[in-house]
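In: return a 3D structure for these sequence lines:
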Amino acid sequence: MPNVAQSTETDWVSRFADEVIAEAERHAPGKPIVCASGLSPSGPIHLGNLREVMTPHLVADEIRRRGHACVHLISWDDYDRFRKVPAGIDPSWAEHIGKPLTSVPAPPGSEHPNWAEHFKSAMVRALAELGVEFRGVSQTQMYTSGAYREQILLAMRERGTIDGVLDRYRTKDKPAGGKGGKGGKQSQKPVDEAELAAAEGSGAASEDDGSGSGGAYYPYKPYCGNCEKDFTNVVAYDDETTELTYTCTCGHRETVLLREYDRGKLVWKVDWPMRWAYEGVTFEPSGVDHSSPGSSFVVGGQIVREVFGGRQPIGPMYAFVGISGMAKMSSSRGGVPTPADALEIMEAPLLRWLYARRKPNQSFKIAFDQEIQRTYDEWDALERRIADGTAQPADVAAHARSVRTAAAELPRTPRPLPYRTLASVVDITQGSAEQTLRILGELDPERPVTSLDQTRPRLDRAERWISTQVPVDQRTRVRDEPDTELLASLDEQQREGLRLLLEGLDTHWSLDGLTTLVYGVPKVQAGLDPEAKPTPELKLAQRAFFALLYRLLVSRDTGPRLPTLLLAVGADRVRKLLAA
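Out: Sure thing, here's the model as predicted:
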């Protein structure tokens with residue numbers, strides 16, 4: 001088993017782990033190292049948000065591999081306000097805008113007690129499948145239990161200092177800065193509207209910094225005791241008694257003692273640095289919007305030092321995660337794909353690898369369209385290079401982080417046949433287990449597949465991809481009867497090509513054999529050796545021959561790879577459809 005810890009200086013995870021361990025030993029020796037993420041369950045937590053989790057997960061996992069105690073905190077920002085009603089939800093949910101997410105009813109039909117738990121639960125399941133070990137922290141529980149009471153009182157006492165820090169960056173047209181999904185669009189330009197939705201994040205905290213009340217500055221926002229919403233303004237506060245008075249747009253006015261009051265929260269740009277100090281965070285990434293002056297991360301670094309006596313964590317900026325095939329999916333589903341969606345069509349190690357192999361500041365795309373087949377080809381090629389010892393150290397490290405964590409190996413497919421082959425087979429067989437096993441068993445006669453379980457879970461992922469991502473009009477339907485009109489119109493060379501193919505079926509009936517056969521027929525017709533390297537003219541002849549076979553077998557000019565298609569159709573049926 002490769003020792004990933006030895007790959008320091010070869011991959012980004014090891015370099016960050018070196019830095020985090022050194023920082024923790026300088027400032028918190030003997031204590032568990034804390035890496036952190038923050039997610040807002042205001043809607044589906046999508047694959048862009050997953051980078052907020054995978055970046056610290058991979059670093060925390062490397063730290064654990066090296067024998068250090070390390071905890072990965074995920075703060076569920078479930079005490080954020082409900083901002084808007086998503087597409088597909090009853091417009092009546094607008095009456096809950098302004099309430100904490102945990103006070104909003106779950107979407108219709110949900111088994112969960114509230115809006116936040118509904119969306120959080122799907123992410124928790126996906127993270128378990130991905131092998132992400134974490135400790136969840138509900139901000140609703142932390143605020144309403146009074147856990148942050150002293151920090152809130154401190155922030156209110158130091159509101160002048162906080163206001164001064166924020167004022168250094170305030171401009172009339174500044175964007176609302178937020179943490180990876182907490183306001184502000186990504187600085188990298190997404191390519192279409194659907195990807196723009198993914199870039200915006202699912203966060204609910206596109207909040208002001210507390211300066212919008214028109215008078216004195218207060219970094220605290222109460223939820224109204226009457227309507228439960230945050231359309232409130234603090235109008236008076238006494239540091240000595242902690243007596244706070246607020247008004248709400250619903251007409252409610254209330255005076256409370258803040259030292260006893262637990263129905264409100266610090267504004268985001270103060271809340272985040274408060275938590276850094278409270279939790280002792282050493283590593284926490286954030287979205288690319290933090291490269292701008294006045295962003296939450298930049299401002300937070302000053303507030304955590306000047307107000308809370310803490311330290312700003314090491315915080316790499318992570319880049320945009322795009323989706324290949326996003327526009328089609330978004331228009332049909334009304335949303336952007338989540339980790340659970342990705343795990344339906346790809347195995348967990350592959351999804352982990354997509355995040356592990358790229359530095360956080362490098363953008364990448366996750367394929368839901370035909371590109372998923374190429375992604376799997378890359379993964380399989382990497383595994384072959386690792387097996388024969390030719391892989392680069394950084395690639396070996398990324399692979400090792402993908403297939404196992406410090407705690408355990410992730411489930412893998414015993415016989416990982418090419419994804420594109422599996423997809424073609426289930427496409428042709430329309431999910432018939434008997435036919436699928438027959439075809440897979442004939443791919444390699446010397447080492448036949450004897451049970452579909454040998455090819456799972458990859459087979460199940462490919463089947464799900466075909467059924468959910470490939471439009472019906474693009475799926476393969478083999479002809480029941482020969483195309484007699486087309487067969488009658490063939491010239492002599494086309495007839496000879498079909499005859500040579502049919503004569504070679506029995507002696508080439510395997511995936512490799514049929515590959516040699518279908519590429520070799522045009523070579524033989526050109527008077528060349530079947531192993532000859534193709535010329536440009538020969539490639540044209542091969543393409544014409546392939547198109548003819550597709551038209552005769554599936555009534556289209558293209559389709560699954562011909563060797564796979566021939567195996568799937570079966571020798572007898574191929575003879576019936578191609579006999580000129």
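In: alpha carbons only for contacts and neighbour counts from here, please
Out: OK.
In: state the pLDDT value of residue 326.
Out: We have a pLDDT of 62 for residue 326.
In: cool, residue 442 as well?
Out: pLDDT, residue 442: 89.
In: ok, and the closest non-adjacent residue to it?
Out: Sequence neighbours aside, residue 510 is the residue nearest to residue 442 in space, at 5.9 Å (criterion: C-alpha to C-alpha, 6 or more residues apart in numbering).
In: can you list contacts of stretch 215-226?
Out: With C-alpha atoms under 8 Å, 6 or more residues apart in numbering as the contact definition, stretch 215-226 has outside contacts at 99, 152, 155-156, 159-160, 162-163, 209-211, 229-235, 246, 248, 252, 254, 263-267, 270.
In: okay, and which of those residues map to helices?
Out: In this view, the contacts of stretch 215-226 that belong to helices under DSSP state H are 152, 155, 156, 159, 160, 162, 163, 270.
In: which of the residues you listed count as buried?
Out: 152, 155, 156, 159, 162, 163, 270 (16 or more other C-alpha atoms under 10 Å).
In: biggest separation within the ones in helices among the contacts of stretch 215-226, which pair?
Out: Greatest spatial distance in the ones in helices among the contacts of stretch 215-226: 152 and 163, 14.8 Å, computed using C-alpha to C-alpha.
In: for stretch 24-40, measure first residue to last.
Out: Using C-alpha to C-alpha, to the nearest Å, the end-to-end distance of stretch 24-40 comes to 27 Å.
In: just the buried positions in it, please.
Out: 24, 33, 34, 35, 36, 37, 38, 39, 40.
In: in helices only, show me those.
Out: Per DSSP H, those map to helices at residue 24.
In: mind putting the buried residues of stretch 24-40 in JSON lines, distance to residue 373 and pLDDT included?
Out: What follows is those, written out as JSON lines (distance: C-alpha to C-alpha, whole Å; pLDDT from 0 to 100):
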{"residue": "24", "distance to residue 373": "42", "pLDDT": "97"}
{"residue": "33", "distance to residue 373": "39", "pLDDT": "98"}
{"residue": "34", "distance to residue 373": "37", "pLDDT": "98"}
{"residue": "35", "distance to residue 373": "34", "pLDDT": "98"}
{"residue": "36", "distance to residue 373": "33", "pLDDT": "98"}
{"residue": "37", "distance to residue 373": "31", "pLDDT": "97"}
{"residue": "38", "distance to residue 373": "32", "pLDDT": "95"}
{"residue": "39", "distance to residue 373": "30", "pLDDT": "95"}
{"residue": "40", "distance to residue 373": "32", "pLDDT": "94"}
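In: so which of the buried residues of stretch 24-40 sit within strands?
Out: Restricting the buried residues of stretch 24-40 to those inside strands, with DSSP state E as the criterion, leaves 33, 34, 35, 36, 37, 38, 39.
In: please enumerate the helices of the stretch 101-250 of the chain.
Out: 115-129, 139-144, 149-157, 159-167, 193-200 (DSSP state H, counting those that start in this stretch).
In: what's the most buried one of the ones you listed?
Out: Ranked by mean neighbour count under mean count of other C-alpha atoms under 10 Å, the helices of the stretch 101-250 of the chain are led by helix 193-200, which reaches a mean of 20.
In: and that one, what's its mean pLDDT?
Out: Per-residue scores along helix 193-200 average to 43.
In: run through the protein and note the low-pLDDT ranges.
Out: Residues of the chain meeting the criterion pLDDT under 70: 1-9, 171-208, 212-214, 290-292, 326-334, 580.
In: state the distance from the most far-flung residue of the chain relative to its centre to residue 549.
Out: Outermost residue of the chain with respect to the C-alpha centroid, by C-alpha atoms, centre = their mean, is residue 492; its distance is 53.3 Å. From residue 492 across to residue 549, the span is 15 Å (C-alpha to C-alpha).
In: equivalent analysis for residue 401, please.
Out: 43 Å.
In: quick one on the thing from earlier: how about the ones in helices among the contacts of stretch 215-226 in TSV, adding distance to residue 389?
Out: Output for those, formatted as TSV (distance: C-alpha to C-alpha, whole Å):
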residue	distance to residue 389
152	56
155	56
156	60
159	60
160	61
162	56
163	58
270	50
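In: what subset of the contacts of stretch 215-226 is buried?
Out: 99, 152, 155-156, 159, 162-163, 209-211, 229-235, 246, 248, 263-267, 270.
In: contacts for stretch 362-372, please.
Out: Taking contacts as C-alpha under 8 Å, 6+ apart, the residues outside stretch 362-372 that touch it are 318-326, 342, 354, 358, 375, 465, 469-470.
In: kindly recompute the last result at 7 Å.
Out: 319, 320, 321, 322, 323, 324, 325, 469 (C-alpha atoms under 7 Å, 6 or more residues apart in numbering).
In: just checking, what packs against the helix or strand containing residue 498?
Out: Element membership of residue 498 [criterion: DSSP states H and E] is helix 492-504. Judged by 3 or more C-alpha pairs under 7 Å, 6 or more residues apart in numbering; DSSP states H and E, the packing partners of helix 492-504 are helix 511-525.
In: what's the neighbour count on the residue nearest to residue 169 when sequence neighbours are not counted?
Out: Excluding the flanking residues, the one nearest residue 169 by C-alpha to C-alpha, 6+ apart is residue 294, at 4.9 Å. By other C-alpha atoms under 10 Å, the residues close to residue 294 number 22.
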